[in-house]
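Undergrad: coords please:
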Amino acid sequence: MVAACVCPSAEVRADTPAPAAEPKVELRLSDLRLWVLQRNETLQERLLNFESQRRRARGEYGLFEPQIYGSYTHEINNRKNTAEQATTLLGAPTFTETNNNYESGIESFVPSGAQVKLGYTLRDLQNSLQPARSVTNGEYQTFFGLTVVQPLLKNFGTAATLAGLRMAAISNKMAFQAYRRDLMSVLSGAEATYWNLYLAQEQVHFFQESVKTAETILRDNRTRLQAGKGSELEVLEAEAGLGLRRAKLGEAQQKVVEVINRVITLIAAEAPPGDLAVHAADVPELTGQIPDYSTLRREVFDSNPDYLIAVERVQEGLVKLGYARNQRLPEVDIKGSYGLNGLGDNPGASWNDIEHQTEPSWYIGAEFHIPLAGGVKTRNELIATRLDLQSSETSLRGLETELLNAINTAWRKMQSTRGSVGNYQTAVQYNQSVLEAALTRLDAGKIESRKVLEIEADLLEARVSLVEALVHYELACLELELTQGVFLQRRHLELTQHELALATQHIGQSRNIRDASYQEGLNEFQRLRQESQAPPDAAQSSRQRALSQQMIDWQKQTGMKNEVQSGFIDRPELAPRSTNPALDPNDTRFAKPPPAPPAPAKGP
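TA: Numbering: from 1, shown residues only. Alright, predicted model coming up:
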């Protein structure tokens, strides 16, 4: 494994000595993908971003969480009475009171936009009038009732109350697609680096064989010169050819070192000071068939993360537009209250009046606020929101065209590189036969060594071009899979948003990246990744059954979530739109037949 040969991080290096470098590490592509998934810090950062956004979206559901409130007030009031007050207060020249006020209850916000409060108030009253009324221990006044404030226009309905929830859910979807995009980008970059490593090591191998051939020719030329059968010019030509090949070999070896260091960087490790021989064990092959172009054009909009993010931005603009339209309405609220009053010389006696329901009180009314200038702020915010929505829709339309052109480019590149492989194979076989014949004639003294070196250089170029064509074919396949958005699916690495949320829920309980909860979350994520790569088993494990049950429970919570995902029944023009333009019969781009595939290049 590569990790067994690279220097660990600073924290690990302080505790354990660096392992000795192995002479050669056989690295397979699947091993590299596994190490990148486990150790790449960019992917861990995206996991943290996804979990943080998921927590924010989950926190928005606390908007309708009921709250218990309570208050206590100690009140002292001393004053002289006016003549009118003195007449009312039995001729007392002064008035003093010491009151204790207690208030508690439950209040909540409901999806219709109403504020609901169910409360209990107890007032402990002691004043200078009570002794005259034969009240020696004070009085206890109680009120228990319900108060409702319901908007009728502005802030009424789900377009206003659920806007935050909908945007949080959309942001969570976009964070998931951003994670998919970055995961595909990192893994595809790792695979591209792997194939570049294969190309670099094959170039080193070819140059090493070329150097051996040049050394043999130089040795033979020197032998013939000493025997008087050759010329000094032939020796100089062979030395020049050998020097050139050794220089090219040194450049190829340096390129291998650079690619190996990029591989080590992908797994978040540090390269050792000595030599590290990492050998790409997998070989690129021309497997499978070129996919159907019409199918690619239809399916590119189902999985491409950039396109799905753009779709969610349009949906976010629709939610904001609905909210902005609601805020343009005048503010008209209905207020109402109904409650029961009680009075006694102790709290229990005061509550008995509540139970008997003999002194009810209620009120109902309306309140409105209308801007005199017609709502300058809300009017301009509505215009700006509409323009933002148009900008998102235009961007989405441009991205659709960009994806179609990218699919065409990658598809044609696959066609071209696949045809080039066969041509270069023919060229390699031809130059190999010519070189073998030239070496035989050189031994017989019937051809100059300069001509043999030229033939060997042609063979070297053909062999390098063949490997480059194979690597370019693999890179073209990567490009096509990235554009389609099926890169993870083809490698059995795709997770749904709910599965990823279940895997990262332990990360949300961590306080830093070194505690147990963070590591447990990463381990859970890796376990789900491994299960997704493994073939399905008929007998599910207990953990798999538990995960399936969690998924079922998650899907059963349809009440609020359905309202979050779609609440546009009263406004069809704001309803979510189709995410795949290929299914739109009015889209002219899919009405015409696709272009014909390019003809394969003919061999020599």
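Undergrad: now the end-to-end length of stretch 224-243.
TA: Across stretch 224-243, the terminal residues are separated by 20 Å (CA to CA, to the nearest Å).
Undergrad: okay, buried residues for it please.
TA: Arg224, Gly230, Glu234, Val235, Glu237, Ala238, Gly241, Leu242 (16 or more other CB atoms under 10 Å). Every residue, glycine included, has its C-beta placed from N, CA and C.
Undergrad: out of these, name the ones that lie in helices.
TA: Using DSSP state H, the members of the buried residues of stretch 224-243 that fall in helices are Arg224, Glu234, Val235, Glu237, Ala238, Gly241, Leu242.
Undergrad: got those residues as JSON lines, with pLDDT columns?
TA: Output for these, formatted as JSON lines (pLDDT from 0 to 100):
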{"residue": "Arg224", "pLDDT": "79"}
{"residue": "Glu234", "pLDDT": "81"}
{"residue": "Val235", "pLDDT": "83"}
{"residue": "Glu237", "pLDDT": "84"}
{"residue": "Ala238", "pLDDT": "83"}
{"residue": "Gly241", "pLDDT": "86"}
{"residue": "Leu242", "pLDDT": "87"}
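Undergrad: JSON lines for these, including distance to Leu146?
TA: Listed next are these as JSON lines, based on distance: CB to CB, whole Å:
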{"residue": "Arg224", "distance to Leu146": "113"}
{"residue": "Glu234", "distance to Leu146": "109"}
{"residue": "Val235", "distance to Leu146": "109"}
{"residue": "Glu237", "distance to Leu146": "105"}
{"residue": "Ala238", "distance to Leu146": "104"}
{"residue": "Gly241", "distance to Leu146": "99"}
{"residue": "Leu242", "distance to Leu146": "98"}
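Undergrad: ok, so of those residues, who is nearest Leu129?
TA: Closest approach to Leu129 among these (CB to CB): Leu242, at 119.8 Å.
Undergrad: spatially nearest residue to that closest one (excluding sequence neighbours)?
TA: Ala214 (4.1 Å; CB to CB, 6 or more residues apart in numbering).
Undergrad: now do Leu460
TA: Using CB to CB, 6+ apart, the closest residue to Leu460 is Ser210 (5.1 Å).
Undergrad: any chance you could map the helices in the stretch 101-250 of the chain?
TA: Along the stretch 101-250 of the chain, the stretches classed as helices by DSSP state H, counting those that start in this stretch are 158-161, 163-226, 232-266.
Undergrad: remind me, longest helix of the protein?
TA: Max-length helix for the chain by DSSP H is helix 376-443.
Undergrad: what stretches of the stretch 451-600 of the chain score poorly on pLDDT?
TA: Along the stretch 451-600 of the chain, segments meeting pLDDT under 70 span 507-600.
Undergrad: and the chain, by the same measure?
TA: Short version for the chain, where the test is pLDDT under 70: 1-24, 132-137, 268, 271-276, 507-604.
Undergrad: against the centre of it, work out the most remote residue.
TA: Gly91 (77.6 Å; CA atoms, centre = their mean).
Undergrad: what helix or strand is that residue located in?
TA: Counting by DSSP states H and E, there is no helix or strand that carries Gly91.
Undergrad: contacts for the strand of greatest length in the chain next, please.
TA: If you go by DSSP state E, the chain has its longest strand at strand 94-109. The contact list for strand 94-109 (CB atoms under 8 Å, 6 or more residues apart in numbering) reads 63-81, 85, 89, 115-129, 161.
Undergrad: next, name the residue at the spatial heart of the chain.
TA: In the chain, the centroid-proximal residue (CA atoms, centre = their mean) is Tyr179; its distance is 2.1 Å.
Undergrad: contacts only, for that residue.
TA: With CB under 8 Å, 6+ apart, Tyr179 has these contacts: Arg46, Leu47, Asn49, Phe50, Leu500.
Undergrad: how about a cut-off of 10 Å?
TA: 43, 45-47, 49-51, 53, 305, 495, 497, 500, 504 (CB atoms under 10 Å, 6 or more residues apart in numbering).
Undergrad: give the burial count for Trp351, as a bare number.
TA: Other residues lying near Trp351 total 18 when counted by other CB atoms under 10 Å.
Undergrad: any idea how far it is from Glu75?
TA: Separation of Trp351 from Glu75 (CB to CB, to the nearest Å): 22 Å.
Undergrad: again with Ser303
TA: On the measure of CB to CB, Ser303 and Glu75 end up 67 Å apart.
Undergrad: those two: which is more packed in?
TA: Ser303 (20 against 12).
Undergrad: leaving out chain neighbours, which residue sits closest to that one?
TA: In space, Ser303 is closest to Gly485, 3.3 Å off (CB to CB, 6+ apart).
Undergrad: ok, that neighbour - contacts?
TA: Here Gly485 is in contact with 177, 180-181, 184, 299-308, 403, 494 (CB under 10 Å, 6+ apart).
Undergrad: would CSV of the helices of the stretch 101-250 of the chain with distance to Gln415 be doable?
TA: Converted to CSV, the helices of the stretch 101-250 of the chain look like this (distance: least, CB to CB, whole Å):
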stretch, distance to Gln415
helix 158-161, 50
helix 163-226, 19
helix 232-266, 27
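Undergrad: most tightly packed of the ones you listed?
TA: The highest average neighbour count among the helices of the stretch 101-250 of the chain, using mean count of other CB atoms under 10 Å, belongs to helix 158-161 at a mean of 22.
Undergrad: send over that helix as PDB, restricted to the C-alpha atoms.
TA: Extracted C-alpha coordinates of helix 158-161, given in PDB (Å, rounded to 0.1, in the frame of the first residue of the first chain):
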ATOM      1  CA  THR A 158     -47.500  28.800   3.600                       C
ATOM      2  CA  ALA A 159     -45.900  31.000   1.000                       C
ATOM      3  CA  ALA A 160     -44.700  33.200   3.800                       C
ATOM      4  CA  THR A 161     -44.500  30.900   6.800                       C
END
